[in-house]
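1. this one's sequence-less:
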């Protein structure tokens, strides 16, 4: 994948930049543009019509173009790439449900530098639905910054008893570590502090949709 570095055009609002960064990330990873509904879900907005307004503004500012009579009509001009693309390793799967072992296999995704964590960063693919109230679904990719000291309530990759990895929110309760799901169908898990090692903190999410 070619790495393109250009200077960002002025005049983007925070939300416009978020929409553009999501579209850029999606295209770099999957080679086609997302729909308005997919963009809305990806950036945490409820209305595709709101995305339409942002897309029109991005088109007027020269960051996007549109092909007519096409299912996925948005296009990214080469000079709309606002940051270098960083090839980020996909290390395997992590459970958002019952803990399972994370598997390693050779793969990578191209991510804009803005989505990379402050430290070493890697990607895991999610299996399960225990984090759906945090908008993380089965098959999503989570972007993880390698860090072993999370803040209270952060979403983490936790290695349990040195054998099983799971995706949950991290909390302390006295001498216990609580790993909390975001789905009422699952119950929090409690462990002694020496049973849990934090392998990283989630800093982003990427969802692939079928064409």
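-> Good, I have the coordinates. What you see is a predicted model, and the numbers here were worked out from it, not measured in a lab.

2. for the rest of this, base every contact and every neighbour count on C-alpha atoms.
-> Fine.

3. distance from the chain centre to the longest helix seen in the chain, please.
-> Longest helix in the chain, counting residues (DSSP state H): helix 14-30. Between the centre of helix 14-30 and the centre of its chain there are 11 Å (Cα atoms, centre = their mean, to the nearest Å).

4. cool, stretch 47-61 as well?
-> Using Cα atoms, centre = their mean, the mean C-alpha position of stretch 47-61 is found 21 Å from that of the whole chain.

5. show me which positions of it end up buried.
-> For stretch 47-61, the neighbour count (16 or more other Cα atoms under 10 Å) marks 48, 51-52, 54-55, 57-59 as buried.

6. quick one: which of those residues is nearest to residue 123?
-> The nearest member of the buried residues of stretch 47-61 to residue 123, counting by Cα to Cα, is residue 51 at 26.5 Å.

7. re earlier: please narrow the buried residues of stretch 47-61 to those residing in helices.
-> Per DSSP H, the buried residues of stretch 47-61 map to helices at 48, 51-52, 54-55, 57-59.

8. format those residues as TSV; extra columns: pLDDT and distance to residue 20.
-> Below are those laid out as TSV (pLDDT from 0 to 100; distance: Cα to Cα, whole Å):
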residue	pLDDT	distance to residue 20
48	82	15
51	89	11
52	88	12
54	89	9
55	88	8
57	86	11
58	86	8
59	84	10
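
9. looking at these, spot the one nearest residue 180.
-> Nearest to residue 180 among those, with distances taken as Cα to Cα, is residue 48, at 30.6 Å.

10. against residue 23, how distant is the closest one?
-> 14 Å (Cα to Cα, to the nearest Å).
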